[in-house]
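Novice: I'll drop the sequence and a predicted model, then ask my questions.
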Amino acid sequence: MATEASGLRAIGNRASCSFQHIPRVSGRRIIGVAVIARVRDNPAEQRRRNLDDTLKSVKPWVTFAGGVLIVAVLYWAQAVLVPFALAILLTFVLTPPVTWLQRWVGRVPAVLLAVTLVFAALGLAGWGLTRQMDHLAGDLPGYRANIRTKIADVRLAGRGGAVEKLQETLAGIKADLDASATPRGTVSRPLVVTSNQVTGFLGLAWLGPVVGPLSTAGLIAAMVIFMLLERRDLRDRLIGLIGHGQLATTTKAFDEAASRVSRQLLMQSLVSLLYGIAVFVGLYFLHVPYPLVWATLGAALRFIPYVGPVLAAAAPILVSLAALQGWTGPAIVLAFFVVLELFTNLVLETALYAGAVGVSQVVLLVSVAFWTWLWGPLGLLMASPLTVCLVVLGKHVPGLAFVGLLMDDTPALASEYGFYQRLVARDQSEAAELIDSHIKTESPSSVYDALLLPALSYAERDRVERRLSSEEEAAVIDATRELISDAAGMIRRHAETERPAAVDPTLPGPREPLRVLGYAVNGGADEVALAMLAHLLDDRPIAMEITSVRMQAMELVSFVTDRKFSVVCFADLPPSSSSKTRYLVRRLRSAVPELRIAVGRWAPAALADESPQALLDAGANSVASLLVESRDYLGGLLEMTRLAVPDTANAAPEVYGDAS
């Protein structure tokens, strides 16, 4: 019996830590302890937990290794992947005309006709451009005298100046190095190089350089034809493979990728066409040789981001230096391209191309560098469409959400979070810029509810959750207090966009300004919020007195009755509890029944109260979740005093915001 008792005591000691979590139900407590003990001592369960912890720790490294593997495959398999990507790109471009042609000639003839026309046009354009370049190369010897004259002018301009002195210094240093590098008494012997030239079989050696490009072009054409013929089947197979169980998400991703890539290519083609026409007309009247060549080359090069426009302008400028007499003509050509580029970027692309890519410009630049490094010039050409596809994947695939966040051109942070982040970083200058931008683009009076008030609520939340210290929260409150005057000044400067309705002169004015007591329930942040409300009421005959002095309920009642306030407005910002405010409202209502009581639980939607009913039941006339709602409520009281003295004792409660 003693052994059994000691064993039971040991079991009880091991399980005693679990007793407090189990209800005291007769006959069930020991069963619960046994279950907990079995779970706790189960080796399989412990192994599963250890495995989960291990997987969580190695997951980032697995993701990194997977990314490196994908990049390696893209690099080493570019001989296959580059033609495949180009074929997909051309399929996107040709799908609309093929769909249009199908109405009259059927699918197969429409595909063959569209592909034949496109590749024939590209081939003819390449052949014509090559012929024109050959003619230009033949004409270059005729420009030799003009080139020599310009070189002589440049040398004459630099004679005696810093350029010539620098050249002489470099030449002297080079001579000293050559003298020290060659030992005395030695004679350098010329190296004789013998080249063994092998005559191509039957004179077909010239085909070597063109076989590769021609075979690649043929492969691309074949893939485009079959993709266009089987595009519906390919689409269904991809959706079935990727979107199993997520049909709607996958369909939306495919549709968005197709529409964004097609729109980008369409707008880019239109901009390039207009640019090429402008280049042809300008160079024709400026007498630059072969303007059609430079127009075609410029239109094609504009498809290459960033680098293309520079190359498109550089070639005709260099030719103008060789072909045109003097310096005036080349200077005019240079000015023409500068003006044309500014017009294209600021007018054409803004009107036709803005937002077509949907990618951040910095990310697009990084993407261009990455794809150029990976696939060379063809990667540079395909960088924008490939980046658009990555953005769409990041938007619709949960595991790639970080890609969409990094690459998309939409703001990464909501305006209220961006403003709060700037205050936490103690960057009031950029925070003031955000205020100015909001006032210029949105309703000026909404800036308090949209930016400043959320910062106060988020600071209090983060302090409660120990993400911010009390000193850091105080710094956010002080910065917000300083920015209120800046916001008020900006609102006054933009007041013409939000003028109040004209006052009817036949109505009597209020007997006296409406006296309002603004009471900050919890101090600091609530007091700053009341200051925002006071700024919103600047243009109305409302006298608001703000106090944050801690008072007992009876002291507050005496203060209100002695100063003869008509309205008391409590500021109690979430996420703090409203219990103290409810108590004060209840005491004020019982002591001064005729008093108007407004409560401001001003906060962003994420922190707002679910229902204001508890405050209304305590005796509040108005509970607002936005500052503009409290402003409108007080303005309504002011209009009531213009007509008659209201019977406020039996006034019905008024609710602003979500009362559900």
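Specialist: Structure received. Numbering: from 1, shown residues only.
Novice: walk me through the domains of this structure.
Specialist: Listed by automatic domain parsing, the domain ranges of the chain are 2-43, 82-153+215-229, 262-352, 357-412, 413-495, 510-660.
Novice: worst mean pLDDT among the ones you listed?
Specialist: Mean pLDDT values for the domains of the chain show the minimum at domain 2-43, a mean of 43.
Novice: re earlier: quick one, which of the domains of the chain gets closest to residue 62.
Specialist: Closest approach to residue 62 among these is made by domain 357-412 (12.4 Å; Cβ to Cβ). Yep, even glycine has a C-beta here, placed from its N, CA and C like the rest.
Novice: how far does the closest one sit from its chain's centre?
Specialist: With Cα atoms, centre = their mean, to the nearest Å as the basis, domain 357-412 stands 12 Å off its chain's centre.
Novice: stretch 273-280 now?
Specialist: The mean C-alpha position of stretch 273-280 is separated from the chain mean by 32 Å, Cα atoms, centre = their mean.
Novice: give the buried residues for it.
Specialist: Going by neighbour count (16 or more other Cβ atoms under 10 Å), the buried part of stretch 273-280 is 274, 275, 276, 278, 279, 280.
Novice: the fourth one and residue 152, how far apart?
Specialist: From residue 278 over to residue 152 the distance is 34 Å, taken as Cβ to Cβ, to the nearest Å.
Novice: before we move on, the earlier item: adding distance to residue 348 and secondary structure, write the buried residues of stretch 273-280 out as JSON lines.
Specialist: Output for these, formatted as JSON lines (distance: Cβ to Cβ, whole Å; DSSP: H, G, I helix; E, B strand; the rest coil):
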{"residue": "274", "distance to residue 348": "6", "secondary structure": "helix"}
{"residue": "275", "distance to residue 348": "8", "secondary structure": "helix"}
{"residue": "276", "distance to residue 348": "12", "secondary structure": "helix"}
{"residue": "278", "distance to residue 348": "9", "secondary structure": "helix"}
{"residue": "279", "distance to residue 348": "13", "secondary structure": "helix"}
{"residue": "280", "distance to residue 348": "16", "secondary structure": "helix"}
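Novice: among those, which two are most distant?
Specialist: Using Cβ to Cβ, the buried residues of stretch 273-280 span at most 11.0 Å, a distance reached by 274 and 280.
Novice: just the terminal-to-terminal distance for stretch 584-600.
Specialist: Stretch 584-600 has its terminal residues 14 Å apart, counting by Cα to Cα, to the nearest Å.
Novice: need the strands for this protein, in chain order.
Specialist: Using DSSP state E, the strands assigned to the chain run over residues 514-520, 542-547, 567-571, 596-600, 622-624, 654-655.
Novice: export stretch 142-155 as PDB, just CAs?
Specialist: Once side chains and other backbone atoms are set aside, the C-alpha atoms of stretch 142-155 remain, and they are given as PDB (Å, rounded to 0.1, in the frame of the first residue of the first chain):
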ATOM      1  CA  GLY A 142      33.400  61.100 -99.400                       C
ATOM      2  CA  TYR A 143      33.000  62.600 -96.000                       C
ATOM      3  CA  ARG A 144      36.700  62.200 -95.200                       C
ATOM      4  CA  ALA A 145      37.600  65.800 -95.900                       C
ATOM      5  CA  ASN A 146      34.800  67.100 -93.700                       C
ATOM      6  CA  ILE A 147      35.800  64.700 -90.900                       C
ATOM      7  CA  ARG A 148      39.400  65.900 -91.100                       C
ATOM      8  CA  THR A 149      38.300  69.500 -91.000                       C
ATOM      9  CA  LYS A 150      36.300  68.900 -87.800                       C
ATOM     10  CA  ILE A 151      39.200  67.000 -86.200                       C
ATOM     11  CA  ALA A 152      41.500  69.900 -87.000                       C
ATOM     12  CA  ASP A 153      39.000  72.400 -85.500                       C
ATOM     13  CA  VAL A 154      38.900  70.300 -82.300                       C
ATOM     14  CA  ARG A 155      42.700  70.200 -82.100                       C
END
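Novice: can I get the strands of the chain in a markdown table including mean neighbour count and distance to residue 429?
Specialist: Listed next are the strands of the chain as a markdown table, based on neighbours: other Cβ atoms under 10 Å; distance: least, Cβ to Cβ, whole Å:
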| stretch | mean neighbour count | distance to residue 429 |
| --- | --- | --- |
| strand 514-520 | 22 | 28 |
| strand 542-547 | 17 | 27 |
| strand 567-571 | 25 | 28 |
| strand 596-600 | 26 | 29 |
| strand 622-624 | 28 | 31 |
| strand 654-655 | 19 | 39 |
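Novice: go through the ones you listed and name the closest to residue 348.
Specialist: Comparing those by their distance to residue 348 (Cβ to Cβ), the top pick is strand 622-624, with 48.1 Å.
Novice: would you list the strands that that closest one pairs with, along with their directions?
Specialist: Paired strands of strand 622-624, with direction, are strand 596-600 (parallel), strand 654-655 (parallel) (DSSP bridges).
Novice: can you say which of those is nearest to residue 521?
Specialist: With Cβ to Cβ, the closest approach to residue 521 among those belongs to strand 596-600: 9.1 Å.
Novice: do you know how far residue 126 is from residue 295?
Specialist: With distances defined as Cβ to Cβ, the gap from residue 126 to residue 295 amounts to 15 Å.
Novice: ok, residue 482 touching residue 429?
Specialist: No: using Cβ atoms under 8 Å, residue 482 makes no contact with residue 429, being 11.6 Å away.
Novice: more crowded one of the two?
Specialist: residue 482 (13 against 7; other Cβ atoms under 10 Å).
Novice: nearest residue to that one in space, please, no chain neighbours.
Specialist: Counting by Cβ to Cβ, 6 or more residues apart in numbering, residue 482 lies nearest to residue 428, which is 6.9 Å off, once chain neighbours are set aside.
Novice: what about dumping the CA coordinates of stretch 364-377 to PDB?
Specialist: Output of stretch 364-377 as PDB, limited to C-alpha atoms (Å, rounded to 0.1, in the frame of the first residue of the first chain):
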ATOM      1  CA  LEU A 364      12.400  48.100 -63.900                       C
ATOM      2  CA  LEU A 365      15.900  49.400 -64.100                       C
ATOM      3  CA  VAL A 366      17.200  46.600 -61.900                       C
ATOM      4  CA  SER A 367      15.200  44.100 -63.900                       C
ATOM      5  CA  VAL A 368      16.700  45.400 -67.200                       C
ATOM      6  CA  ALA A 369      20.200  45.000 -65.700                       C
ATOM      7  CA  PHE A 370      19.400  41.500 -64.500                       C
ATOM      8  CA  TRP A 371      17.900  40.200 -67.800                       C
ATOM      9  CA  THR A 372      20.700  41.800 -69.800                       C
ATOM     10  CA  TRP A 373      23.300  40.000 -67.700                       C
ATOM     11  CA  LEU A 374      21.400  36.800 -68.000                       C
ATOM     12  CA  TRP A 375      20.400  36.700 -71.700                       C
ATOM     13  CA  GLY A 376      22.300  39.500 -73.300                       C
ATOM     14  CA  PRO A 377      20.700  42.000 -75.800                       C
END
